[in-house]
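A.B. asks: Need coordinates for the following:
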Amino acid sequence: MGCVVELIVLLIMTMCVSVRMSGAENEIAPSGFDNPKTTVVIDNDLGGSLPLRYHCKSKDDDLGDRTMAPGGSWFFRFRPSVFGNTKFSCSFAWGNELHYFDIYRQNRDREFAEFGCVRCEWKIRKNGPCKFNKDTKMFDVCLPWKS
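C.D. replies: Purely as a prediction, here's the structure:
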C-alpha cells in the first residue's frame with residue numbers, strides 16, 4: 001500500500017511541475033491564438049498655432065478630455081475584442097469647430113483589412129482625419145468627419 005501512496009504523490013508532483021512549466025512557456029511563447037495590442041496614434045496636423053482638444057472613449061474605457069499642442073502627438077493601446085466589435089470614438093475641437101470620428105473601428109482597422117493596422121496613426125486635419133497608409137508610406141487614407 002505504501003508503494004501505491006508514493007506513486008500517487010509522485011504523480012501529483014509531476015503534474016504540478018508540468019502545469020508550472022506549461023504556464024511559464026505560455027508567458028514566453030505565443031499561444032495558438034495571438035491577440036496583440038493595437039496602438040492608436042493621433043497627431044495634431046491642424047496647422048498654424050491651433051491646439052487640438054479631444055476626448056476618446058470606447059464602450060468600456062473613457063480616456064478623458066485632453067488638449068494637444070500644435071504639431072503634438074498622443075497614443076493609447078488596447079487589445080481588440082475577440083468578437084470583432086472594438087470601437088473608439090473621439091470628439092475633436094479647435095476654435096469654434098467640433099467634429100466626431102471613430103478613430104478605431106475593428107471592422108475597418110483590424111490588422112488584415114485593406115488599410116488595417118496594429119499601429120494605427122492618424123493626422124487630424126481641418127477637413128478630416130487622414131490615416132497612415134503602410135503601402136504608400138503616406139497619410140493618404142483620408143476619411144470624412146462623422147455627420
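A.B. asks: which ones are touching the most centrally placed residue in the chain?
C.D. replies: Central residue of the chain (Cα atoms, centre = their mean): residue 38, 2.9 Å from the mean position. Contacts for residue 38 (Cβ atoms under 8 Å, 6 or more residues apart in numbering) come out as 77-80, 104, 109, 111, 117-120. Backbone N, C-alpha and C define where each C-beta goes, glycine included.
A.B. asks: One more pass at 10 Å, please.
C.D. replies: Residues in contact with residue 38 (Cβ atoms under 10 Å, 6 or more residues apart in numbering) are 76-80, 86, 88, 104, 106, 109-111, 116-120.
A.B. asks: tell me the pLDDT at it?
C.D. replies: On pLDDT, residue 38 comes in at 93.
A.B. asks: Is the closest residue to residue 104 other than its chain neighbours inside a helix or a strand, and which specific one?
C.D. replies: Excluding its sequence neighbours, the residue lying closest to residue 104 (Cβ to Cβ, 6 or more residues apart in numbering) is residue 88, at 4.3 Å. For residue 88, the enclosing helix or strand under DSSP states H and E is strand 87-94.
A.B. asks: what pLDDT does the residue nearest to residue 104 get?
C.D. replies: Here the pLDDT value assigned to residue 88 is 98.
A.B. asks: ditto for residue 8
C.D. replies: pLDDT, residue 8: 51.
A.B. asks: what does the one 5 residues further on give?
C.D. replies: You'll see residue 13 listed with a pLDDT of 46.
A.B. asks: buried set for the one helix or strand residue 75 maps to?
C.D. replies: Here residue 75 is covered by strand 73-78, with elements defined by DSSP H and E. For strand 73-78, burial by neighbour count (16 or more other Cβ atoms under 10 Å) applies to 74, 76, 78.
A.B. asks: which strands and helices sit next to that strand?
C.D. replies: strand 38-44, strand 52-57, strand 62-68, strand 97-105, strand 119-125 (3 or more Cβ pairs under 10 Å, 6 or more residues apart in numbering; DSSP states H and E).
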